[in-house]
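**Student:** please work out how this folds:
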Amino acid sequence: MDLIGVEHPLLPKVTFIKPTYVEYVAYYEKEKKLKILYRCMMLNSFPVGNIHWVLDKWSHVFAIDTNTRQLEGNLKVSIVSVIKATIIGIERGQGVYKFETYYIEPYVNLTCNPEFFAITKLISKIMKELPVKASVGIITDCELGLIDEINAKKRSLLPNFFPGLYLPDNFHLMYASAEAARDTFIPNKMMALCESTASEAFKNIHINRKE
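**Tutor:** As a prediction, this is how the structure comes out:
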């Protein structure tokens, strides 16, 4: 879909209108209620046809999931799994992708939001490894209600710990659920891959106790 407008009725030149924001959202039904499957708010952007074109707007796309469990005693372990997608191309409106595990990392006894702590670590790693002006999309399944404020720089990532730590200009957060459409939509497939990888990593945890 394109929005177009004419600068002046006597001038034939047509100008594309860039809306303040464009929202892409899909729903699924669970227990007779509509729940969000994926949602992406693109600020100051031209509208595009489908979710594949949304992902293609970013030069790099990552999905991140943090699986936190209470283990023996007071030991709380968070395992972070990050999947990277490389968009090979778009054929007949459908994206062609290659997936790879970017990294898996454990954290112990975090006192802040483990999901956003993991996102800040991911951003730090990306900024060290990728070109400065690379546009990056990060897909997460946490804190849907806060994502718009974070993308708009109205809220920092960890306000109680690093109040001045805002999302860099070339980064964008997107929400996707891992509960449904795992084989249908790419954002949900990536989140499902993250979730299964993090869950599998817990099977390999070995706790060494000092006597």
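**Student:** and Ser196, that one's in a helix?
**Tutor:** Yes - judged by DSSP: H, G, I helix; E, B strand; the rest coil, Ser196 forms part of a helix.
**Student:** once you drop chain neighbours, what's closest to Met42?
**Tutor:** In this structure, Met42 finds its nearest non-sequential neighbour in Val22, 4.6 Å apart by Cβ to Cβ, 6 or more residues apart in numbering. Just so you know, the C-beta spots here come from the backbone N, C-alpha and C atoms, and that holds for glycine as well.
**Student:** from Glu179, how far off is that neighbour?
**Tutor:** 25 Å (Cβ to Cβ, to the nearest Å).
**Student:** secondary structure element for the spatially most central residue of the chain?
**Tutor:** In the chain, the centroid-proximal residue (Cα atoms, centre = their mean) is Ile139; its distance is 1.3 Å. Counting by DSSP states H and E, the element that carries Ile139 is strand 136-140.
**Student:** go ahead and name everything in contact with that strand.
**Tutor:** 55, 57-65, 115, 119, 122-123, 126, 130, 147, 170-176, 187, 190-191 (Cβ atoms under 8 Å, 6 or more residues apart in numbering).
**Student:** now do stretch 159-167
**Tutor:** Cys112, Thr120, Ile123, Ile150, Asn151, Lys153, Ser156, Leu157, Leu158, Leu173.
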